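Engineer: Whatever this is, show me its structure:
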Amino acid sequence: MVLGVLDEGRLAAVRGYASDAVGCALDRITEVSRFEDGNRHAVYKVSYLDAEEAITHVVVRVAFGGDPSECAQAAREGRALEKFGGLAAPVLYDFRSTSAWFETPAMCMQFVPGHQQELSSARPAAIEQLGSVVAEVHGQPADDLVEALGEAGDIASYAEDRVRSILSGLPWVRGPLPAEVQVRLRRAADELERSWGTWRDAESFRTGEGLAPLHGDVALGNVLWGPNPVLIDWEYTRLGDPADEIAYLFDQNGLDAAQREAFWRGYRASASSDMRLDHVVDRVEWWERLTLLGSSLWWVERWVRRTEADAAGRDDPEVHREPAYYADHVFRRLDRLEPLLGGPP
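Structural biologist: Below you'll find the model as predicted:
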């Protein structure tokens, strides 16, 4: 949904930035409207008259925060869009960490027409197309992304780091969460940490394969369905294990067996010839458990933050929904994770 009501100061800033980014006069901009969605950013559709007097649209996205870590994350996303724009992502026209219009990172990019839908409701043919797009991303050379996205490594060391990173979210498992939820989350974390002790020695993790570019969040809202799927919101892009991304895509979107099979058809058709697909398929089994725990803890953090903000009578713009919304996401992921670990269904 697009909203039409904007603060006049912000409206002027968006107009000014877009005008400079695309190189058109201010009076050529015909409309600015804000998209309703956006957890960490304000997102706008800007329409203007191009040199041929045709209406052209771009997207302007402005981050809510501008601390060093958020600026670095925005710069990584900008670098990924430069590489994948026109292939699997919108084309990036402009990126600035700060500007005369905004103190926080802002970018201007191609407006991609399309619709969003739950991946779980997408037809197998569409999921097959998505598999092909994801494989193209994973198959791109990563050497030119090492500086922007992180040091190159191997699959086993990447997995080790991801285990540590995800378990670092456990401090959020505390009050005001119900005690039963805390027990379930800690039990799942303990089991996953134990299982990694076995999986780390599996052949599929000890291949010495290098890391591949990942989108980082292939889920509802980040896929635009047009003639071909386009991935948007590359804020979690990184170099990593393709199996991590595929497991996340499968479990976060609740893909059924037919959809997973369709994804693999598309993925295999476009995968790099250097990729050991048998190893990728094997690793997906383990990654699915870890990514479910990771997303559970991500939603736990938001549940706790929103509950604490309500108790203190303050606003937290990154968690603007009701606590029950975040709680529902936690429960749904736990309900999928525990059977995979041999726990309660």
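Engineer: for the stretch 201-345 of the chain, what spans make up the strands?
Structural biologist: Secondary structure of the stretch 201-345 of the chain (DSSP state E, counting those that start in this stretch): strands at 212-214, 223-225, 229-231, 238-240.
Engineer: So which elements touch the second one?
Structural biologist: To tie it back to what came earlier, the one meant is strand 223-225. When contacts are defined as 3 or more Cβ pairs under 8 Å, 6 or more residues apart in numbering; DSSP states H and E, strand 223-225 packs onto strand 229-231. In short, each C-beta sits where N, CA and C put it, glycine included.
Engineer: elements contacting the strand it packs on?
Structural biologist: The contact analysis (3+ Cβ pairs under 8 Å, 6+ apart) places strand 229-231 against helix 124-138, strand 223-225.
Engineer: what does the average pLDDT come to for it?
Structural biologist: For strand 229-231, mean pLDDT is 96.
Engineer: returning to what we had before: would you turn the strands of the stretch 201-345 of the chain into JSON lines with distance to Gly313 and mean neighbour count?
Structural biologist: JSON lines is the format used below for those (distance: least, Cβ to Cβ, whole Å; neighbours: other Cβ atoms under 10 Å):
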{"stretch": "strand 212-214", "distance to Gly313": "39", "mean neighbour count": "25"}
{"stretch": "strand 223-225", "distance to Gly313": "37", "mean neighbour count": "19"}
{"stretch": "strand 229-231", "distance to Gly313": "39", "mean neighbour count": "23"}
{"stretch": "strand 238-240", "distance to Gly313": "37", "mean neighbour count": "21"}
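Engineer: which stretch among the helices and strands packed on strand 229-231 comes nearest Asp94?
Structural biologist: Among the helices and strands packed on strand 229-231, strand 223-225 comes nearest to Asp94, with 20.2 Å by Cβ to Cβ.
Engineer: ok, back up a step: which one of the helices and strands packed on strand 229-231 is the most hemmed in?
Structural biologist: helix 124-138 (a mean of 21; mean count of other Cβ atoms under 10 Å).
Engineer: Only the buried residues of the following helix or strand past that one, if you could.
Structural biologist: The C-terminal neighbour of helix 124-138 among helices and strands, as given by DSSP states H and E, is helix 146-149. Neighbour-count burial for helix 146-149, counted by 16 or more other Cβ atoms under 10 Å, picks out 148-149.
Engineer: With distance to Ala75 and mean pLDDT as extra columns, can I get the helices and strands packed on strand 229-231 in JSON lines?
Structural biologist: Formatted as JSON lines, these follow (distance: least, Cβ to Cβ, whole Å; pLDDT from 0 to 100):
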{"stretch": "helix 124-138", "distance to Ala75": "19", "mean pLDDT": "97"}
{"stretch": "strand 223-225", "distance to Ala75": "23", "mean pLDDT": "95"}
